[in-house]
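*Asks:* sequence isn't available, so here's the structure alone:
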């Protein structure tokens, strides 16, 4: 199918704004802000969107670093795009060919790994190109663009979904930098991401004197008296018991995982008083909600037992409840046609020379073509689906996790992947994490991905806005799969029944008399 005039206009605009877009991506990469604390990143997006004529709600759905932007050119179809911009603690890497943190920080600070820095700016570039084409060619319709913090803990989209931010859209487009084969320069078909649950268990020892019987000490709670073990002990009991029982939680199939992170422990007191507060976060990645609920039941029992043994009480606070994804083959087909039209990203000799320097600094002999061959070619969705399903049970309908899935229950959604720069290596060799992270921040290596993704989003988005038949096919499939659309008899309602978990001690940057630093100070 030949490009329409509007699509050609949008693609030309993306090419014309390459330098600006590169600066955008570097800006968000350098912010390196982590889940629920992306203050500068969200502020930058809000300011940029308003400068381009969008109305923007800041702090949407009660999340301080989320936003919801909208622009309309009159009554017509509606399209949803979004930005993610959260980084990951402990991955502070400069945009450099050698291993080193960003200036003034330690390696423990936040840094982009996926990289969401390019994911978000690709969406923004596409959004502005679509808007320009709509204005130039008088295409009626509405654009929505949401800012989605805390994807790494599957944070914002279940909350936005439950508050209605995706309702009424004709289509949603979801892009992610490819992160594993075969999901490279392709679109996802039937097997979408699964459920994800995350929660924080908070142990509080606020009545330590009540743990044991009186021991006859002349001064109650003196240094030699019997006292409750406290919250640190509860946390350690929870950690070890849940590790020990992990094999018993679920059958050994389905690619499920349980991981944990300690948020708070003991407040670093060196006295021998019992710690009053400790918090541990769990993340569950499961193909189904039933599997997630089974693991929650085990973790809840472990937490109650750990609390009783150590003289504490326990609270459970939700971080996320994310639904498994709903496929839409009609919309996936529309996006695949666009991907074939735009093509895979290509890296020039300057980018290859940078990649060779990274290889050399990782102890690998530099290669003529240092990038994986798959990065520069398309993978047919049917081929990708077959490879993905090769290691899955026939009955398993979902694999891995990402909270874009919550959007898919409110509008037809297509999920696609564009290659990020990824290095070849000798058989059996694994590159250190810093190398992948660095290539995600160096303009010469990350810009081809961002540009290609922006073109796919803009081209496919305009196809949706201009082609009633494509919209009708996607809508018909959505109605069938949900049993009547939103609220239908096969529709899965939002699971989010909690407030945004913004009050916890999430890792972040802080301002002190010593200056701006990560919450764990640089050594």
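*Replies:* The structure has been received and is ready for your questions. No experiment lies behind these values; they were computed from the predicted model shown. Numbering: from 1, shown residues only.

*Asks:* what ranges does the stretch 301-450 of the chain have for its strands?
*Replies:* 313-322, 398-401, 413-418 (DSSP state E, counting those that start in this stretch).

*Asks:* so which of the ones you listed is nearest residue 340?
*Replies:* strand 413-418 (11.7 Å; Cβ to Cβ). In short, each C-beta sits where N, CA and C put it, glycine included.

*Asks:* so which elements touch that closest one?
*Replies:* Judged by 3 or more Cβ pairs under 8 Å, 6 or more residues apart in numbering; DSSP states H and E, the packing partners of strand 413-418 are strand 171-177, strand 186-187, helix 329-342, helix 443-466.

*Asks:* the helix or strand following the second one packs against which elements?
*Replies:* Next along the chain after strand 186-187, taking DSSP states H and E as the criterion, comes strand 192-204. For strand 192-204, the packing partners by 3+ Cβ pairs under 8 Å, 6+ apart come out as helix 231-244, strand 277-286, helix 289-309, strand 313-322, strand 398-401.

*Asks:* paired strands for strand 192-204, with orientation please.
*Replies:* strand 277-286 (antiparallel), strand 313-322 (antiparallel), strand 398-401 (parallel) (DSSP bridges).

*Asks:* just give me the lowest mean pLDDT stretch among those.
*Replies:* Least confidently modelled of these is strand 398-401, at a mean of 90 by mean pLDDT.

*Asks:* and the contacts of that strand?
*Replies:* With contact meaning Cβ atoms under 8 Å, 6 or more residues apart in numbering, strand 398-401 is reached by 154, 191-196, 255, 285-288, 322, 324-325, 388, 392.

*Asks:* for residue 500, which residues are in contact?
*Replies:* Residue 500 touches 36, 61, 62, 63, 155, 156, 159, counting by Cβ under 8 Å, 6+ apart.

*Asks:* reformat the strands of the stretch 301-450 of the chain as a markdown table; add distance to residue 453.
*Replies:* Converted to a markdown table, the strands of the stretch 301-450 of the chain look like this (distance: least, Cβ to Cβ, whole Å):
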| stretch | distance to residue 453 |
| --- | --- |
| strand 313-322 | 23 |
| strand 398-401 | 19 |
| strand 413-418 | 4 |
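
*Asks:* tell me the contacts of the residue most central in space within the chain?
*Replies:* Centroid-nearest residue in the chain, with Cα atoms, centre = their mean: residue 151, separated by 2.9 Å. Residues near residue 151 by Cβ under 8 Å, 6+ apart: 35, 84, 86, 116, 157, 402, 403.

*Asks:* give me the pLDDT for residue 248.
*Replies:* Residue-level pLDDT assigned to residue 248 equals 74.

*Asks:* measure it to residue 294 for me?
*Replies:* 10 Å (Cβ to Cβ, to the nearest Å).

*Asks:* please name the nearest non-neighbouring residue to residue 265.
*Replies:* residue 278 (4.9 Å; Cβ to Cβ, 6 or more residues apart in numbering).

*Asks:* got it, and residue 459?
*Replies:* residue 338 (4.5 Å).

*Asks:* am I right that that neighbour is in contact with residue 456?
*Replies:* Yes. Under the criterion of Cβ atoms under 8 Å, residue 338 makes contact with residue 456 at 5.4 Å.

*Asks:* pick the most deeply packed of the helices and strands packed on strand 413-418.
*Replies:* For the helices and strands packed on strand 413-418, the largest average neighbour count (mean count of other Cβ atoms under 10 Å) is found in strand 186-187, namely a mean of 28.

*Asks:* so what's the gap between that strand and the chain middle?
*Replies:* From the chain centre to the centre of strand 186-187 is a distance of 18 Å (Cα atoms, centre = their mean, to the nearest Å).

*Asks:* now stretch 8-19
*Replies:* With Cα atoms, centre = their mean, you get 27 Å for stretch 8-19.

*Asks:* thinking again about what came up before, by neighbours, which of the contacts of residue 500 wins?
*Replies:* residue 156 (29 neighbours; other Cβ atoms under 10 Å).

*Asks:* and that residue, how far from residue 319?
*Replies:* 11 Å.

*Asks:* with residue 287 instead?
*Replies:* 20 Å.

*Asks:* how about residue 27?
*Replies:* 28 Å.

*Asks:* do the same with residue 206
*Replies:* Where residue 319 is concerned, residue 206 sits at a distance of 23 Å (Cβ to Cβ).

*Asks:* between those two, which one's more packed in?
*Replies:* Shown here are residue 206 and residue 319; by other Cβ under 10 Å, residue 319 has more neighbours (24 against 12).

*Asks:* could you find the closest non-adjacent residue to that one?
*Replies:* residue 198 (3.8 Å).

*Asks:* okay, now residue 79: neighbour count?
*Replies:* The burial count for residue 79: 26, using other Cβ under 10 Å.

*Asks:* residue 2 now?
*Replies:* Residue 2 has 6 neighbouring residues, counting by other Cβ under 10 Å.

*Asks:* got it, and the one 4 residues further on?
*Replies:* Residue 6 has 24 neighbours, counted by other Cβ under 10 Å.

*Asks:* that one and residue 450, how far apart?
*Replies:* 21 Å.

*Asks:* endpoint to endpoint, stretch 439-447 covers what distance?
*Replies:* 10 Å (Cα to Cα, to the nearest Å).

*Asks:* what average pLDDT does that stretch get?
*Replies:* pLDDT averaged over stretch 439-447 gives 98.

*Asks:* hmm, who's touching that stretch?
*Replies:* 18, 21-22, 25-26, 29-30, 93-97, 112-115, 117-118, 177, 347-348, 350-351, 354-355, 358, 420-423.

*Asks:* kindly supply the PyMOL command isolating those of the residues you listed that are buried.
*Replies:* To isolate the buried subset of these in PyMOL, counting by 16 or more other Cβ atoms under 10 Å, use the following:
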select buried, resi 21+22+25+26+29+30+93+94+95+96+97+112+113+114+115+117+118+177+347+351+354+355+358+420+421+422+423
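
*Asks:* could you pick out which of the contacts of stretch 439-447 are located in helices?
*Replies:* 18, 21-22, 25-26, 29-30, 117-118, 350-351, 354-355, 358 (DSSP state H).

*Asks:* from the residues you listed, which is closest to residue 42?
*Replies:* residue 117 (13.3 Å).

*Asks:* gap between that closest one and residue 298?
*Replies:* According to Cβ to Cβ, residue 117 stands 37 Å off from residue 298.

*Asks:* likewise for residue 75?
*Replies:* Taken as Cβ to Cβ, the span from residue 75 to residue 298 is 52 Å.

*Asks:* compare these two and say which is more crowded by neighbours.
*Replies:* Remark: of residue 75 and residue 298, residue 298 carries more neighbours, 17 against 9, as counted by other Cβ under 10 Å.

*Asks:* got phi/psi on the nearest residue to that one once chain neighbours are set aside?
*Replies:* Leaving aside its chain neighbours, residue 298 sits nearest to residue 249 (5.2 Å; criterion: Cβ to Cβ, 6+ apart). Dihedral pair for residue 249: phi -70, psi -40, per degrees, to the nearest 10.
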